[in-house]
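Asks: 3D model of this:
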Amino acid sequence: MQRTKKNSKKNISEEKRIEVRHLQLHDYLGLYGSMTEAYKNWHGLLWTKNQIRVLLEIFPEGQIVVLFNDKVVGVALSIIVNYADFGDDHTYKQITGNYTFKTHTDNGDVLYGIEVFVHPEYRGLRLARRLYDARKELCERLNLKSIVFGGRIPNYSAHAAKLTPKEYINKVKSKEIHDMVLSFQLSNEFHVKKILTNYMPDDEESKECATLMEWNNVLYTLPSKQILQKKSTARIGLIQWEMRPFSNFEALCEQIEFFVDAVSGYHSDFVLFPELFMAPLMADFNHQTEAQAIRSLATFTEPLRKKFIDYAIAYNVNIITGSMPYIKNGDLYNVGYLCRRDGSIETYNKIHVTRNESASWGIVGGNRLKVFDTDAGKIGVLVCYDAEFPELARLLALEGMEILFIPFLTDTQNAFTRIKTCAQARAIENECFVAIAGGVGNLPKVHNMDIQYAQSGVFTPADFAFPTNGVKAEATANTEAVLVVDVELDLLKRLRLQGSVHNLIDRRLDLYQLKQLRPNGRLEILKKYLGETYPAVQSKQKTK
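Replies: Numbers count the residues shown, from 1 in each chain. Here you go, the predicted structure:
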């Protein structure tokens with residue numbers, strides 16, 4: 001039987017064993033072979049073995065190689081520089097210290113790429129992307145501001161007679177022209193900072209021009225002398241509070257402290273209580289009208305505020321206190337407090353009140369909207385109905401909010417569905433985490449607070465790094481529970497620049513804008529002009 005002789009030549013389509021690792025000196029022979037193939041049209045000098053040896057001695061982590069079936073087919077070389085020493089106007093010779101690499105410093109702030117190449121026969125395997133990704137991981141791990149390099153534009157020579165470097169770059173950006181180097185860099189999240197002239201005198205293909213490219217490390221943090229650094233992961237404790245009768249104020253506080261203690265035991269950074277969780281205390285005021293009873297309940301707000309401050313300090317946890325009725329200058333507001341574990345305190349208000357809150361209790365909306373700094377991230381708080389107004393969450397997101405807390409109180413599943421659905425929308429459109437906590441159970445002896453329905457949970461954006469349904473965790477519906485959830489804040493930084501879509505970046509500010517109006521008496525102006533049609537005014541008149 002005649003046998004067909006097998007072709008001994010390696011076929012790229014048959015064998016694909018790829019390895020990315022740190023470059024070693026014994027790789028030089030393979031490096032040189034691929035380098036000469038990659039730079040056939042290059043008339044300048046190529047890397048010598050001694051130069052590679054120096055790079056490996058001063059910064060071995062920065063020298064990366066990709067192998068295909070154990071053959072060196074691509075390389076990325078880097079140094080760390082103090083970028084302020086060079087600025088944007090520099091040459092390749094300057095940034096490398098005349099190719100001695102004495103400009104490298106372990107105390108620098110920028111990873112500077114001095115070389116990337118891939119053997120031409122292996123360029124269809126996206127190996128350069130692997131080298132770039134390895135560089136990005138290194139930049140993040142070393143906490144460097146960015147990756148910067150001067151990029152060649154080898155196709156420019158074919159267009160130089162008709163286009164300036166700027167015009168050429170713009171056409172590459174708009175995909176009218178393809179440049180195998182620049183087009184690839186732009187697709188890998190690098191942006192052009194500047195056009196460099198006389199960057200590499202031997203680069204005839206680029207007409208001695210280069211693009212100063214940059215990739216920003218969104219995880220970069222300024223070096224700090226503080227003992228405690230800002231956390232990259234926050235742990236949230238949600239209290240799904242059962243509305244039960246309490247014999248007195250002390251009994252209520254005992255239950256609050258129990259939950260704070262429980263959540264603190266899991267080393268939580270935040271604990272969130274529901275809206276108007278103190279409502280059971282209104283049972284003692286059933287002989288009053290609903291509007292009078294809620295104002296009587298407000299007498300407990302200040303003592304509760306002081307208790308929460310003590311609990312935050314004693315149990316080392318930041319407490320979002322849900323909400324409570326509060327009387328100021330005769331007006332009744334629905335307010336809450338952020339009690340930080342360092343003893344400081346902030347106030348937030350419910351801005352939009354429902355018709356029932358207005359008509360039955362005479363509550364008026366506040367005008368306080370603010371992002372709060374904490375030791376575990378920037379947070380915002382919207383009370384219940386406020387979550388159904390996307391403008392508020394967007395304003396907070398534009399101020400850097402990472403976690404949105406929504407204490408709520410809903411009586412039916414319909415009402416809860418509005419809160420949950422809007423909370424999930426706020427997480428997606430503002431690229432943040434959203435935590436909601438509500439009350440459950442029945443209060444048959446408290447007017448206007450008969451039944452409650454809730455399912456507390458934490459929601460996420462919808463992208464690859466997050467759950468496919470955008471739900472990080474949920475408590476069992478309509479039963480008292482504690483839910484403890486970790487959220488990774490660093491994922492938000494990646495999402496906002498590297499996600500599948502960019503809800504914040506891609507806003508069409510040429511068509512629309514959103515801004516917060518400063519509190520300037522606008523509420524009184526509305527009352528004056530709208531009169532009886534303004535619910536807050538109508539409620540206030542009823543309660544007088």
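
Asks: Tyr315: what's its closest spatial neighbour, skipping adjacent residues?
Replies: Leaving aside its sequence neighbours, Tyr315 sits nearest to Ser264 (Cβ to Cβ, 6 or more residues apart in numbering; 3.8 Å). In this view, the C-beta of every residue, glycine as well, is placed from N, C-alpha and C.

Asks: Looks like that neighbour contacts Ile319 (just checking).
Replies: No: at 9.7 Å, Ser264 does not count as touching Ile319 under the criterion of Cβ atoms under 8 Å.

Asks: shaky segments in this structure?
Replies: Across the chain, the ranges flagged by pLDDT under 70 are 1-15, 43-44, 224-230, 448, 518-544.

Asks: could you redo the last one with a cut-off of 80?
Replies: 1-16, 41-45, 200-204, 222-231, 444-450, 497, 518-544 (pLDDT under 80).

Asks: hey, what's Glu19 bridged with?
Replies: Leu67 (DSSP bridges).

Asks: how near is it to Asp27?
Replies: Separation of Glu19 from Asp27 (Cβ to Cβ, to the nearest Å): 11 Å.

Asks: Give me the distance between Phe86 and Lys515.
Replies: Distance of Phe86 to Lys515, computed by Cβ to Cβ: 39 Å.

Asks: do the same with Ile58
Replies: Counting by Cβ to Cβ, the gap from Ile58 to Lys515 is 50 Å.

Asks: So which of those two has more stuff around it?
Replies: Each of Ile58 and Lys515 has its neighbours counted (other Cβ atoms under 10 Å); Ile58 has more, 16 against 8.

Asks: Who are the contact partners of the more buried one?
Replies: Applying Cβ atoms under 8 Å, 6 or more residues apart in numbering to Ile58 gives the contacts Ile79, Phe101, His104.

Asks: 6 Å instead?
Replies: His104 (Cβ atoms under 6 Å, 6 or more residues apart in numbering).

Asks: circling back: quick one, which of Glu19 and Asp27 is more surrounded?
Replies: More crowded of Glu19 and Asp27, by other Cβ under 10 Å: Asp27, with 19 against 11.

Asks: contacting residues for that one?
Replies: Here Asp27 is in contact with Val65, Val72 (Cβ under 6 Å, 6+ apart).

Asks: Which of the three states applies to it?
Replies: Assigned with DSSP: H, G, I helix; E, B strand; the rest coil, Asp27 falls in the helix class.

Asks: Against Leu131, how distant is it?
Replies: Separation of Asp27 from Leu131 (Cβ to Cβ): 14 Å.

Asks: likewise Arg340?
Replies: With Cβ to Cβ as the criterion, Arg340 and Leu131 are 44 Å apart.

Asks: Just the buried residues of the longest helix seen in the chain, please?
Replies: Assignment by DSSP state H gives helix 413-430 as the longest helix of the chain. Residues of helix 413-430 classed as buried: 415-416, 418-420, 422-428, 430 (neighbour count, 16 or more other Cβ atoms under 10 Å).

Asks: Now do the closest residue to Asp179 other than its chain neighbours: how many residues are near it, please.
Replies: The shortest distance from Asp179 to any non-neighbouring residue, by Cβ to Cβ, 6+ apart, is to Asn155 (4.3 Å). By other Cβ under 10 Å, 19 other residues sit near Asn155.

Asks: All the strands of the stretch 1-150 of the chain, in order from the start?
Replies: Remark: strands assigned in the stretch 1-150 of the chain by DSSP state E, counting those that start in this stretch are 18-22, 64-68, 71-81, 110-118, 146-151.

Asks: With distance to Val381 added, can I get those strands in TSV?
Replies: TSV is the format used below for those (distance: least, Cβ to Cβ, whole Å):
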stretch	distance to Val381
strand 18-22	45
strand 64-68	45
strand 71-81	41
strand 110-118	38
strand 146-151	34
